[in-house]
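Novice: Kindly return the folded structure for what I paste below:
(one chain, ligands or ions: 1)
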Amino acid sequence: MIENEKKKLIQTLETANSFVIVGHTQPDGDSLGTQLGLFHVLKNMGKDVTILVRPGEVPPQYRFLPGVNEFTDLTEEATSVDCLISVDVPNLERISEARAWFDKARVRVNIDHHLDNAAFADINIVDIKQSSSSEIVFWILTENGIEIPYEAAVCLYVGIVTDTGRFQYSNTSARTLEAARILVEKGVKPQEIFSAVYENMSYEAIRLLGKVLERSHFRSGFVWSVIEQADMASTGAKLSETEIFIDLLRSVGGARAAGIFKQVGSDGKPEWRVSLRAKAGYDVQSIAARHGGGGHRQAAGFRTDLDVDEVVEEIIEDLNQQEKLKD
Ligand SMILES: [Mn+2]
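Specialist: Below you'll find the predicted structure:
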């Protein structure tokens, strides 16, 4: 069935003239990489392409991506296009204001690898076995002989590198490495990408990282910490720079999962944006789903207005439950 959907996509890419490409809110390397990768490919095919992002939401480590200055503010009034392509987005809520563009588009396409994808479009290409949305797009283009220009190769490579934790997570397959190999053959330089994405933290973010590590807790195989709103002011770091902190927490030996609670919303009523990461054999997607969030087995998130302690207890209980099911 997915092969049929891919055929429909190729047909649409060839026949439609105007495209809008949307990713998810708080975009990561895969969401941005897939959007920009498709942007360059379609431009190369002579198409009229709009790419949407929320202003100010591109994390600094992705500002080197070719085409990053071509984004249109998604809160601008929607225009009607032949085809909207949604990438790395599990459901319509996560495209936020781009919903207006979705409603006006003639054909809607959904390309994603999230477990909980809601198949919300006319053409749905959801493959949870692939490492990233960038990898899905890479193979569709490659298998259909559509040219991937150098700029697109850089963007798709960044999507794959970031979603696989630099080819270390369990979603890294031989096929993933094969995709990376072909992209490198097209001129992508792994060291340059590594340096741009991972060696580009602001000093302010490093100081915030120090605080977050210092106030972390480790109990029953769960490592967690908190980022308060006041921390942003006292260090000058930006919330979008904190995405990778959780990987350090998960790296603790004996940890089954890690969590970071980021305070969002107004100070009067604390609300938390919770990011979770699991080590192989554990599943944080089910935990996030129970709180109305989602993601993948190894990386998921949700929002809550419950107390941190309460949520932590629940997560530990859940991890214990998963442990029992393993025996
Ligand atoms: Mn992704």
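
Novice: switch to C-alpha atoms for all contacts and neighbour counts from now on
Specialist: Fine.

Novice: For Y198, which non-adjacent residue is spatially closest?
Specialist: Q61 (7.3 Å; CA to CA, 6 or more residues apart in numbering).

Novice: so who does that neighbour touch?
Specialist: Counting by CA atoms under 8 Å, 6 or more residues apart in numbering, Q61 touches A196, V197, Y198, N200, M201, E241.

Novice: so how far is the ion from it?
Specialist: Per CA to the ion, to the nearest Å, Q61 is found 16 Å from the ion.

Novice: go on, E143?
Specialist: Separation of E143 from the ion (CA to the ion): 21 Å.

Novice: What residues sit buried inside stretch 184-194?
Specialist: The neighbour-count check on stretch 184-194 (16 or more other CA atoms under 10 Å) flags V184, K186, V188, P190, I193 as buried.

Novice: How about stretch 238-256?
Specialist: Buried residues in stretch 238-256 (16+ other CA under 10 Å): K238, L239, S240, E241, T242, F245, I246, L249, R250, A255, R256.

Novice: Next: stretch 312-327.
Specialist: Using 16+ other CA under 10 Å as the test for burial, stretch 312-327 gives V312, I315, I316, D318, L319.

Novice: In this structure S220 contacts I315, no?
Specialist: No - S220 is beyond contact range of I315, at 10.1 Å (criterion: CA atoms under 8 Å).

Novice: Give me the neighbour count for the closest residue to the ion within the stretch 151-300 of the chain.
Specialist: The nearest approach of the stretch 151-300 of the chain to the ion comes at D163, 5.8 Å away (CA to the ion). As a burial measure, D163 scores 23 neighbours (other CA atoms under 10 Å).

Novice: Tell me who's in contact with it.
Specialist: Taking CA under 8 Å, 6+ apart as the test, what D163 contacts is G29, D30, S131, S132.

Novice: can you give me phi and psi for it?
Specialist: Main-chain torsions, D163, degrees, to the nearest 10: phi -70, psi -20.

Novice: Please name the residues that touch the residue nearest in space to the middle of the chain.
Specialist: Of all residues in the chain, the one closest to the mean position by CA atoms, centre = their mean is D28, 4.1 Å from it. Residues in contact with D28 (CA under 8 Å, 6+ apart) are P59.
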